[in-house]
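Asks: The following comprises the amino acid sequence and a computationally predicted model.
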Amino acid sequence: MEHDLREITLGGYRLSVDAGRTRAYYAAQPPYECPCAGCRNFVQAVRHLPREAKELFDALGLDPAKPEEVCSYPGAREEAHGGAWYHICGTILEGGTPPEGQRFSEWVPIAEKFEAAFAGDCSLPAEDFPRPLFQMDTDFWLPWVLEEENPDGA
């Protein structure tokens, strides 16, 4: 397995990332599947991520279409609002200690309508995911690309 170690600074976060091991893990995973419209739209709509968000996913070794989980929030008919999280092989060197009662130390704007936050406390990591690991959570607005109506649209 090829290592691709890098240090990335985003906002107040300083991350040590093994993008090679992360990329290899995601490449071996099946496509993300969920029957709900929000998730199906997400997998198609990530092709429309802003350039800055695509560059972040690439730097971290992530496939944006293979999240650990996707959540849909109320939004607009033509846009989907939601969140998704991903696991990354590496460690949070700085910025991973949130204030009491909060999950994240900060949300970092990556592009218009796309933010990311990082935590060492991971939700639902696969047993075979390379260790050490941390989690990236995202908050996004993406276009509604499915033929069917957005059930979360106002």
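Replies: Yep, it's here. Being a predicted model, the structure only gives us computed values, none of them experimental.
Asks: average model confidence for stretch 91-110?
Replies: Averaged across stretch 91-110, pLDDT comes to 91.
Asks: Same question for stretch 15-23.
Replies: Per-residue pLDDT over stretch 15-23 has a mean of 97.
Asks: can you count the residues close to the residue lying closest to K54 once chain neighbours are set aside?
Replies: Distances taken as C-beta to C-beta, 6 or more residues apart in numbering put P64 closest to K54, at 7.3 Å, once the chain neighbours are dropped. The C-beta positions use only the backbone N, C-alpha and C, and glycine is treated the same way. Close neighbours of P64, defined as other C-beta atoms under 10 Å, add up to 23.
Asks: The one 4 residues further on too?
Replies: Taking other C-beta under 10 Å as the neighbour definition, E68 ends up with a count of 19.
Asks: pLDDT at it, what is it?
Replies: Reported pLDDT for E68: 96.
Asks: Identify the residues contacting the residue nearest to it when sequence neighbours are not counted.
Replies: Spatial nearest neighbour of E68, excluding adjacent residues (C-beta to C-beta, 6+ apart): W85 at 5.3 Å. Neighbouring residues of W85 by C-beta atoms under 8 Å, 6 or more residues apart in numbering: P67, E68, E69, S123, Q135, M136, D137, T138.
Asks: what secondary structure does W85 sit in?
Replies: strand (DSSP: H, G, I helix; E, B strand; the rest coil).
Asks: what pairs with it across the strands?
Replies: With DSSP bridges as the criterion, W85 is bridged to E69, D137.
Asks: roughly how far apart are it and A24?
Replies: 19 Å (C-beta to C-beta, to the nearest Å).
Asks: which secondary structure element contains the closest residue to W144 other than its chain neighbours?
Replies: Among residues not flanking W144 along the chain, N150 sits closest, at 4.5 Å (C-beta to C-beta, 6+ apart). N150 belongs to no helix or strand when assigned by DSSP states H and E.
Asks: So for N150, what's the pLDDT?
Replies: If you check N150, the pLDDT there is 92.
Asks: quick one, what contacts it?
Replies: Per C-beta under 8 Å, 6+ apart, neighbours of N150: A37, N41, G75, A76, R77, E78, E79, A80, W144.
Asks: swap in P143?
Replies: Residues in contact with P143, defined by C-beta under 8 Å, 6+ apart, are A45, H48, E78, E79, A80.
Asks: Counting neighbours, which of those residues comes out on top?
Replies: Of the contacts of P143, with other C-beta under 10 Å as the count, A80 tops at 27 neighbours.
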